[in-house]
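Novice: what follows is a predicted protein model with its sequence.
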Amino acid sequence: MQHGITLPPGSENIPLEQWSGKKRVLLLSERFGAGHTQAAHALAVSLRKLSPHVQTRVIELGSFLNPKVAPVIIEAYRKTVYVRPKLVGFMYKSQYRRSLNRLTTLALHRVFYTHAMSVIRQLKPDMIVCTHPIPSAVISRLRKKGLRVPLYTLITDYDAHAAWISPDVSKYLVSTPEVKEKLLDHGVYADRIHVTGIPVHPKFWEQQDRDAKAKIRAKFNLKDMPTVLVMGGGWGMMDPDQSNELLTRWSNEIQFVFVTGDNEKLRKKLLQSPRFQHKNVHVIGYTKEVDQLMDISDLLVTKPGGMTCTEALAKGIPMLFYKPLPGQEEENCQYFTQKGYGEPIESPKSVTKWMNMLVHYREDVLSRRREYEQNASRYHPKACAQTILTELSLLSPTQNVTMHESNRSLSVMMEMEH
């Protein structure tokens with residue numbers, strides 16, 4: 001199954017050693033969901049893994065520049081998503097073809113302009129990559145005012161809302177040819193779009209052998225038996241009642257690993273339930289070892305966030321999707337369902353079918369997974385990083401970072417990651 005991702009010409013032999021000094025890539029994101037920042041860190045680590053001649057720095061722009069106000073706004077958004085998802089979906093769809101309006105752009109410019117320029121002047125990046133529409137709009141506005149650093153916008157879902165589109169973006173990096181078509185429909189020129197896939201951390205690039213999986217099970221105190229990994233994204237947005245009813249009643253025959261992310265309240269609630277005190281039910285909060293949990297699981301039950309689905313694609317694990325948020329998660333769910341990598345939970349029968357398969361026909365499930373793993377090799381997880389490296393190699397060495405504005409330094413020491 002092809003994903004339409006092609007490695008850039010010459011990407012395997014990029015003459016980075018000819019650069020004078022290291023190239024600097026500044027990656028800007030926002031904390032509206034964990035996926036945007038995850039994508040930024042995944043790309044940063046991938047760049048440094050592929051080339052010793054690159055330095056990176058990941059910054060959540062709003063949280064960094066407004067550490068008191070940003071968490072309040074993000075928490076309000078989280079509650080809105082959880083309590084009124086239909087409202088979020090209505091706003092997403094009603095504004096689907098509208099880029100950020102002039103008033104919004106001016107407001108963002110006024111709030112972020114001075115400090116954003118201070119960050120750029122101190123770090124002196126050769127390239128800026130944005131994984132969220134807000135910093136993309138901010139940097140695009142700065143480029144309109146004279147900033148000469150190229151801006152690359154990485155769309156972290158399998159859809160293309162117009163909010164991602166800003167007039168002074170140099171190039172767009174997108175997940176699939178379908179998303180490219182949507183950008184073309186929005187009026188973006190074809191030569192400004194690269195189909196690279198969404199980057200995942202290098203630890204998702206490789207499959208583990210039997211011995212490695214045995215060590216992972218021992219590490220997490222898990223058994224070698226049918227295993228289901230249940231995730232609710234970085235915010236841990238899963239329905240505990242649904243999870244209780246549809247999954248844990250199978251815990252005598254199937255092992256379950258629930259990952260609740262940053263949602264500590266949910267983790268405690270699950271642990272208090274008798275159903276989650278079964279010896280084959282494990283509840284984990286935030287973890288950086290999702291790759292290992294995917295390695296030893298037979299099925300992933302998850303909300304269809306762009307990053308989680310892409311990580312699962314790289315690992316070749318089948319997916320069941322529950323309660324996609326109206327908007328981009330619905331589009332993600334539709335894409336992976338159409339491609340045959342997962343299916344939505346439309347009724348209890350969907351869960352029953354898969355649980356029965358795991359219990360009575362596990363070899364069929366494992367065979368399907370092996371097929372998915374073979375298909376995953378066509379995903380090219382390094383493509384996004386290699387595209388960036390190729391673009392960096394083509395930049396003029398006389399690239400001017402600054403604008404004709406007075407510099408106001410930040411009190412925070414800024415350093416690039418090595």
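Specialist: Okay, I see it. This one's a predicted model, so the numbers in the text were calculated from it and none came from an experiment.
Novice: tell me where the stretch 251-400 of the chain has helices.
Specialist: Using DSSP state H, counting those that start in this stretch, the helices of the stretch 251-400 of the chain run over residues 264-272, 290-295, 306-315, 328-338, 348-360, 362-376, 383-394.
Novice: chain center to whichever strand or helix holds Arg57, what's the gap?
Specialist: If you go by DSSP states H and E, Arg57 is part of strand 54-60. Remark: strand 54-60 is offset 16 Å from the chain centroid, using C-alpha atoms, centre = their mean, to the nearest Å.
Novice: now it: mean pLDDT?
Specialist: Average pLDDT, strand 54-60: 92.
Novice: in TSV: the helices of the stretch 251-400 of the chain, plus mean pLDDT, distance to Thr156 and mean neighbour count.
Specialist: For the C-beta atoms, the positions are set from N, CA and C on the backbone; glycine is no exception. Output for those, formatted as TSV (pLDDT from 0 to 100; distance: least, C-beta to C-beta, whole Å; neighbours: other C-beta atoms under 10 Å):
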stretch	mean pLDDT	distance to Thr156	mean neighbour count
helix 264-272	85	24	15
helix 290-295	96	16	22
helix 306-315	92	5	26
helix 328-338	90	9	20
helix 348-360	91	27	16
helix 362-376	82	19	15
helix 383-394	93	11	22
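Novice: Leu50: which of the ones you listed is closest?
Specialist: helix 383-394 (5.4 Å; C-beta to C-beta).
Novice: between strand 54-60 and that closest one, find me the angle.
Specialist: 120 degrees (axes from the mean of the first three to the mean of the last three C-alpha atoms, to 10 degrees).
Novice: with only the CA atoms kept, save helix 383-394 in CSV.
Specialist: Only the C-alpha atoms of helix 383-394 are listed here, as CSV (Å, rounded to 0.1, in the frame of the first residue of the first chain):
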residue,chain,number,x,y,z
ALA,A,383,11.5,11.3,4.7
CYS,A,384,10.5,14.5,6.5
ALA,A,385,13.9,14.9,8.1
GLN,A,386,15.7,14.1,4.9
THR,A,387,13.6,16.7,3.1
ILE,A,388,14.6,19.4,5.6
LEU,A,389,18.2,18.4,5.3
THR,A,390,18.0,18.7,1.5
GLU,A,391,16.4,22.1,1.8
LEU,A,392,19.0,23.2,4.3
SER,A,393,21.8,22.2,1.9
LEU,A,394,20.3,24.4,-0.8
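Novice: can you spell out which helices and strands pack onto it?
Specialist: Contact here means 3 or more C-beta pairs under 8 Å, 6 or more residues apart in numbering; DSSP states H and E; on that basis helix 383-394 packs against strand 23-29, helix 35-50, strand 127-130, strand 151-154, strand 171-174.
Novice: redo these as JSON lines? Include mean pLDDT, mean neighbour count and distance to Ala116.
Specialist: As requested, those are exported to JSON lines (pLDDT from 0 to 100; neighbours: other C-beta atoms under 10 Å; distance: least, C-beta to C-beta, whole Å):
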{"stretch": "strand 23-29", "mean pLDDT": "94", "mean neighbour count": "25", "distance to Ala116": "9"}
{"stretch": "helix 35-50", "mean pLDDT": "93", "mean neighbour count": "23", "distance to Ala116": "16"}
{"stretch": "strand 127-130", "mean pLDDT": "96", "mean neighbour count": "27", "distance to Ala116": "10"}
{"stretch": "strand 151-154", "mean pLDDT": "97", "mean neighbour count": "26", "distance to Ala116": "12"}
{"stretch": "strand 171-174", "mean pLDDT": "97", "mean neighbour count": "26", "distance to Ala116": "20"}
